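Enquirer: predicted structure and sequence below. I'll ask about it afterward.
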Amino acid sequence: MSQPTFLNRQALYLRPDPGRVIVRPFKPAIEPRDLRPEEKTRANHIVDRVLSLDAETAADQLAEVLENFEGRHRNLLATFESRADEMEEALAAHPEFTQLQRRLVGAYFLHEYSFEAAALFNPSIVPHPDQTGVSEGGLRFVLSLRAVGEGHVSSLTFRSGTIEARGNIVIDPTARLASMPKLKHPVSEDGAVEVTFKHDVELSERVVFPVTEAQSNGIEDARFVEFKDQGRSTYYATYTAYNGRGIRSELIETRDFLSFRMTPLRGSAARNKGMALFPRRIDGRYAMIARQDNENLYLIYSDDLLTWDGGQAILKPEFPWEFVQIGNCGAPIELDEGWLLLTHGVGPVRKYSIGAALLDKNDPSKVIARTREPLVRPDQSEREGYVPNVVYTCGALRHGEVIVLPYAVSDTFSNFATIRIDQLMRSLTG
């Protein structure tokens with residue numbers, strides 16, 4: 001079936017780039033038997049070999065490493081030293097090190113990781129916290145994306161761009177380098193961690209990589225929203241933390257996209273994927289749309305932002321394109337007519353499409369209308385990829401009289417579409 005005439009697909013393809021790499025700790029495999037206290041690990045053996053090099057050979061080896069990798073990363077020598085600092089246990093069994101030896105040891109316990117080699121998808125979009133210099137009627141935005149690399153490990157990365165007054169979308173050039181933040185504080189009692197980037201690291205250079213055991217296989221599908229409370233904006237995103245065996249919902253918080261706090265969510269309603277926060281309080285309480293049963297959409301409330309229990313089912317599969325399940329596609333968008341909730345539906349042959357529903361502004365449990373047919377469905381030019389026949393988004397925004405909708409194609413790359421709000425409203429049925 002054809003797409004709605006009011007959907008305007010762009011040609012702003014954001015594709016994965018295997019040339020963008022970060023450096024991660026390399027940990028040699030542990031021996032298949034338990035070591036006695038006096039025995040050395042493989043890490044100790046590697047350190048022994050480095051220390052066996054005379055000063056000139058060690059200097060030549062470090063110079064070769066820098067020549068090979070310097071242009072691919074920021075502050076590589078400092079990274080080597082930092083990695084050596086993390087390895088004090090392996091280094092304790094050895095005599096004192098020279099600075100050159102510590103740097104070389106650090107290099108041996110790092111490896112490059114192409115964090116978006118496999119996919120760059122499931123975007124969400126929010127206004128940029130800095131609108132300085134934007135032309136009248138325009139809007140600078142932050143786009144978050146799920147990046148996937150070797151081993152299907154997911155991380156969070158960003159792009160920036162501008163929506164011009166006439167609705168044209170411009171994506172800023174992507175930084176050549178990629179950088180990970182510094183872990184600012186150890187894990188707190190509530191499981192929260194904080195990470196921070198240096199101010200000179202460009203937005204598109206920042207990569208939030210898993211830092212806790214619960215996240216070890218991925219930070220998946222962040223749904224960002226600009227949350228306004230008492231005149232102040234905070235950017236929140238719910239996401240799925242995945243450790244290779246199980247999932248849990250977590251919340252990321254930032255005001256500047258430089259420092260991020262990540263906290264596990266609690267409660268019976270926080271045990272599934274796909275939670276999306278309303279951009280303001282409803283009757284003094286925080287509100288979310290969530291899918292608690294892998295099939296329907298629920299409205300849930302919280303008094304403290306971190307504990308989510310109960311919930312009321314408000315949307316169930318109704319039309320053929322969503323008979324398998326429905327889910328949310330990001331935070332509800334406030335319109336004069338009500339809350340616009342973008343949804344995804346799964347139909348025959350596990351085909352994912354994007355639709356919408358309109359919720360009452362004062363009581364979001366009341367569904368005013370919804371789309372009988374999808375707004376976006378995989379077309380012939382966008383159905384092939386890592387997971388075929390999927391279009392998906394983690395959040396759109398309103399700009400003037402249009403909805404700007406970034407969306408993923410077949411779990412591989414991302415694109416944009418715009419939708420006129422007046423025409424969208426006419427397509428909804430009660």
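Expert: Great, that's in hand.
Enquirer: distance of the residue of the chain most remote from its centre relative to Q101?
Expert: Ranked by distance from the centre of the chain (C-alpha atoms, centre = their mean), the top residue is D54, with 45.4 Å. Going from D54 to Q101 by C-beta to C-beta, to the nearest Å gives 11 Å. Just so you know, the C-beta spots here come from the backbone N, C-alpha and C atoms, and that holds for glycine as well.
Enquirer: for this protein, which helix is longest?
Expert: helix 55-69 (DSSP state H).
Enquirer: helices or strands up against that helix?
Expert: The helices and strands touching helix 55-69, judged by 3 or more C-beta pairs under 8 Å, 6 or more residues apart in numbering; DSSP states H and E, are helix 76-85, helix 99-108.
Enquirer: what separates the last one from the chain centre, distance-wise?
Expert: The gap between the average C-alpha position of helix 99-108 and the chain average comes to 33 Å, counting by C-alpha atoms, centre = their mean, to the nearest Å.
Enquirer: try the first one
Expert: Centroid separation for helix 76-85 versus its chain: 27 Å, with C-alpha atoms, centre = their mean.
Enquirer: list the contacts of the worst-scoring helix or strand of the chain on mean pLDDT.
Expert: Using mean pLDDT, DSSP states H and E, helix 88-91 stands out as the lowest-scoring helix or strand of the chain, at a mean of 71. With C-beta atoms under 8 Å, 6 or more residues apart in numbering as the contact definition, helix 88-91 has outside contacts at 41, 43-44, 47, 84, 97, 105.
Enquirer: swap the cut-off to 10 Å and go again
Expert: Here helix 88-91 makes contact (C-beta atoms under 10 Å, 6 or more residues apart in numbering) with 28, 40-47, 51, 84-85, 97, 101-102, 105, 109.
Enquirer: now the nearest residue to F6 once chain neighbours are set aside: how far from H399?
Expert: Take F6 and drop its neighbours on the chain: the residue closest to it by C-beta to C-beta, 6 or more residues apart in numbering is Q423, 3.7 Å away. Here the criterion is C-beta to C-beta. By it, Q423 lies 15 Å from H399.
Enquirer: picking that back up, so what touches the helix or strand harbouring the residue nearest to F6?
Expert: Using DSSP states H and E, Q423 sits in helix 421-427. Around helix 421-427, the neighbours that count as contacts under C-beta under 10 Å, 6+ apart are 4-7, 333, 335-338, 340, 355-356, 358, 369-373, 375, 398-403, 419-420.
Enquirer: any low-confidence regions in this structure?
Expert: 1-3, 29-40, 90, 93, 95 (pLDDT under 70).
Enquirer: okay, which residue is most central for it?
Expert: By C-alpha atoms, centre = their mean, the chain has its centre lying nearest to L156, at 3.4 Å.
Enquirer: for that residue, pull up the helix or strand it's in.
Expert: strand 154-163.
Enquirer: what packs against that strand?
Expert: strand 119-127, strand 139-148, strand 169-171, strand 207-208, strand 218-229, strand 232-242, strand 402-409, strand 413-420 (3 or more C-beta pairs under 10 Å, 6 or more residues apart in numbering; DSSP states H and E).
Enquirer: list phi and psi for V50.
Expert: The phi and psi values for V50, taken as degrees, to the nearest 10, are phi -70, psi -40.
Enquirer: list the contacts for Q61?
Expert: Q61 neighbours (C-beta under 10 Å, 6+ apart): 50, 53, 100, 104, 107-108.
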